[in-house]
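A.B. asks: my questions concern the predicted model and sequence given below.
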Amino acid sequence: MNILTELFAFWQAQADKLGQQTLQHIGLTAASLLAGVAVGVPLGLLLTRRPRLAPWVLGGAGVLQTIPSIALLGFLIPVLGIGPGPAILALFLYSLLPIVRNTLAGVQGVDAAVVDAARGLGLTDGQVLRRVELPLAMPVLLAGIRTAAVINVGVATLAAYVAAGGLGEFIFGGIALNNPVMILAGAIPAAALALLFDGALAGLQHLRGRRLRWAGRALLLALPLLACLYLLPRAASKLLAGFSPEFVGRSDGLPGLRQLYGLNPASVVLAPALVYEAVRSGDVDLIDGYSTDGRIRAYDLRVLRDDRHAFPPYQAVPVVRRQTLQAHPELAPTLALLAGQLSDSVMTELNYRVDIRHETPRAVAHDFLRRRGLWREPQPATGATIRLGSKIFGEQYILAEMYAALIRGYTNLGVEAKTGLGGTSICADALRTGAIDLYPEYTGTGLLVVLQPSAAVLDSLGPDPAAVLAYVRREYRRHYNLEWLAPLGFNNTYALLMRRQQAEQLGISSVSELSGYLK
Amino acid sequence: MPEPPPAIEARNLRKHYGAHAAVQDVSFRVEAGQTLVLLGPSGCGKTTLLRMLNRLVEPDSGTVFINGQDARSQPAEQLRRGMGYVIQQVGLLPHYTVAENVAVVPRLLNHAPAAVAARTNELLTRLHLPPERFAGQYPSQLSGGQQQRVGLARALAADPPIVLLDEPFGALDPITRASIRREFRELPELRSKTMVLVTHDVTEAFELADQILLLDAGQVQQLGPPRELLLRPANDFVRRFFAAEQLALQLRALRLEDVLGELPEAINRVVTNNESDFNTLPLTASVQLALEQLSHAPARHSGEPVVWMRVSDSTVRPLTYATLMAAFGRAVRRLAAED
């Protein structure tokens, strides 16, 4: 009951978005279906005249069909960029198989005697096709279009990953935020659309005779009209933003910016993995990202200063079991060697070398320690073994390698690395149960994902990094007997990014300046 | 004055499907208004041969002439619109009504809609499919016999001078088949048509043919009038082909004029004009028909049934079972011996 009221409240609050996404969704489906019919039906008819080609063409279309939709989009992006292009092309490719196959099957299913008699009476090939084969194949052909339509309504949700809009924007936002109401807000209209397309085409399919002919024509007319829905004008502004679904939905993401800076740029939604590419290629001008991402350096992007502290602090800090610290007093000073050593730009550089230049995390970590004069050759391990954890991305691997090298060089403790431990909750559980002794964590993550305090507490902490660190340190000690040591120096939080060149041209270096420019 | 060309002439037609020779060097002529029956066992190439006439199958070599013109001198569709085509499976367009099916060819030929409608009604009426009931029905609502009648009406709609029929009665049950065949024979539309009909049914062939072309393995075994094939078979295949039904066929093939010379001298009776023609048969009637009449005829003075054969305008001659059968036997022997 509760979820229903929330759902209706959500739809009410987002009515304009819901309407726009639904129209985009219908437009995407209809446009790709139109292309599928325009290509698939003639192709199927060609196969009825050249049956030897059929296994090749159907096999090819079948292979396309088996490519997972997200992978197909991935293949198309380097060629077509982001936006409706790759989305419609992918949907079109998916609709080909059912349409071609059913056209072929429909025409082949026409009674050979009827075709023979028609030819014998003096109908030309074209007349046999138009007056006999196509009308008689129409129910089967329509069944193919119907299958394609239902597939396309489903797959069109993925269009949200490539900034092509549609109901996937709600769905992926909901998934990213673990918000079932938001998922349903997109999934229910998408399912309703699928049923609507299915029902309408099923209705056509069961018509007979002259009515079927009219219905076929009406369908050919309706598809382009529906496809035009996609072209309805959207909100425009001086800069186009491309945001990941999570950022759009999170209260400390876009809604926070809106509240604090009055920032409301025209935006599209796309997959987190694609935002950097999108801003680099100029498809969008403004994206959300992470402040230490290596691609900031690789793509020459500028991080806009969050001068009013809309984004929460995500300081990187080693979190250690208190038992371990007590058992090995030499450990704390060793770990403290890195405290304050890594600024945002230094960490960005290191990430760049690992993520973009594909150097190994170990080489990058050791090189950094040498340059900072922290490197010492490893001592023979005679003491206990420290188990190091990390999450499954480059930055964490680099930090783990640094700590491993420091422990080996400065103490006689052994090190066992348990890197790549999935997400936050896996690392936190491993640490609490003693499966690992330490891993690098971010204050904001500890606060929001692990501790999950009430809204009142969050308000009282505000955007102050010191207050957040103090809070998580106190609570971790009390609940888990875990210790947050001194911060490493960088803050891996949300950031708004622009191409450096454009930002310089426009004289934008902070979010306030951006907001001012857009007004 | 030169002789008019035959309605259909086939010259040295050949057709191979891979290594299989479907039709080997077949030639024949069909004069206007005549019926040629292509007869033979299944797979003998008769359907292939028929389909070469309207170019549904193109021969590997040889030529088809229609009214003296090479069939390839005009587009195949044009050629086909001038020839009715009826097939065993009927092949009515299932999404067209009966009337629309009948009207297909006249519409292709751009006949005026009113004329097309009138012609459709006329044909349906003549084929015992009252238009008010059947015109708006779809083929799936009709029985097999009714469908075949519509198929026939469709082939005749544009009044083509030539009609090709591929086992037109083959899919029907024996009773329906016999009744439709009778209607077919008596249809005034067909009297003047040049027809080529494919069948494997010997009785049907004898009933309908002016000429029979008997085929086996793609080769002509014999071409001629039915009685010639029956009485003077060209080879063993022809003899064996008719062996099972020989007597029945002979009774149909021989006419009373054939047996006239073998009848014993008998008193001719002079008939007056007002005397009923009941039980009186023309000389062109078959022996079969005379036997059928005898089985219904009342017994006369001698206690035997008698029917009368009209020998001239004013005289008739009596026939009894005994005299007729004896004469029939002698006639068969005589005709077979003639060369």
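C.D. replies: Good, I have the coordinates.
A.B. asks: now residue 213, nearest residue through space, not along the chain?
C.D. replies: With no chain named, the answer covers chain A. residue A:135 (6.2 Å; C-beta to C-beta, 6 or more residues apart in numbering or on different chains). Bear in mind the C-beta positions are built from the backbone N, C-alpha and C, glycine included.
A.B. asks: switch to chain B, please.
C.D. replies: Residue B:213 sits nearest to residue B:223 (C-beta to C-beta, 6+ apart), 4.7 Å away.
A.B. asks: swap in residue A:172?
C.D. replies: Among residues not flanking residue A:172 along the chain, residue A:245 sits closest, at 3.9 Å (C-beta to C-beta, 6+ apart).
A.B. asks: neighbours of that neighbour, how many?
C.D. replies: Number of residues near residue A:245 (other C-beta atoms under 10 Å in any protein chain shown) recorded here: 25.
A.B. asks: next, it: phi, psi?
C.D. replies: phi -60, psi -40 (degrees, to the nearest 10).
A.B. asks: I figured it hits residue A:176, correct?
C.D. replies: Yes. Counting by C-beta atoms under 8 Å, residue A:245 touches residue A:176, with 4.7 Å between them.
A.B. asks: quick one: common contacting residues for the two?
C.D. replies: residue A:272 (C-beta atoms under 8 Å, 6 or more residues apart in numbering or on different chains).
A.B. asks: now residue A:506, nearest residue through space, not along the chain?
C.D. replies: residue A:517 (5.9 Å).
A.B. asks: how about residue A:105?
C.D. replies: Nearest non-adjacent residue to residue A:105 (C-beta to C-beta, 6+ apart): residue A:140, at 5.7 Å.
A.B. asks: the residue nearest to residue A:413 when sequence neighbours are not counted in helix, strand or coil?
C.D. replies: Spatial nearest neighbour of residue A:413, excluding adjacent residues (C-beta to C-beta, 6+ apart): residue A:383 at 4.6 Å. At residue A:383 the chain is in coil, as set by DSSP: H, G, I helix; E, B strand; the rest coil.
A.B. asks: and residue A:383, how close does it get to residue A:411?
C.D. replies: According to C-beta to C-beta, to the nearest Å, residue A:383 stands 7 Å off from residue A:411.
A.B. asks: OK, contacts around the residue of the stretch 51-200 of chain A found nearest chain B?
C.D. replies: Taking C-beta to the nearest C-beta, chain B has its nearest neighbour within the stretch 51-200 of chain A at residue A:117, 2.8 Å off. Residue A:117 sits next to B:85, B:87, B:89, B:90, B:91, B:92, B:93, B:151 when contact means C-beta under 8 Å, 6+ apart.
A.B. asks: what of residue A:18?
C.D. replies: Residue A:18 touches A:11, A:170, A:185, A:189, counting by C-beta under 8 Å, 6+ apart.
A.B. asks: tell me the spacing between it and chain B.
C.D. replies: From residue A:18 across to chain B, the span is 43 Å (C-beta to the nearest C-beta, to the nearest Å).
A.B. asks: per-residue pLDDT of the residue nearest to residue A:213, please?
C.D. replies: For residue A:135, the pLDDT comes out at 86.
A.B. asks: which element, helix or strand, includes it?
C.D. replies: helix A:134-155 (DSSP states H and E).
A.B. asks: now the element after that helix, going C-ward?
C.D. replies: Using DSSP H and E, the first helix or strand after helix A:134-155 is helix A:168-176.
A.B. asks: residue B:128 should be in a helix, yeah?
C.D. replies: No. Going by three-state DSSP, the assignment for residue B:128 is coil, not a helix.
A.B. asks: list the contacts for it?
C.D. replies: B:149, B:183 are the contacts of residue B:128 under C-beta under 8 Å, 6+ apart.
A.B. asks: could you redo the last one with a cut-off of 7 Å?
C.D. replies: residue B:149 (C-beta atoms under 7 Å, 6 or more residues apart in numbering or on different chains).
A.B. asks: any idea how far chain A is from it?
C.D. replies: 21 Å.
A.B. asks: where's residue B:32 relative to residue B:7, distance?
C.D. replies: Residue B:32 is 4 Å from residue B:7, by C-beta to C-beta.
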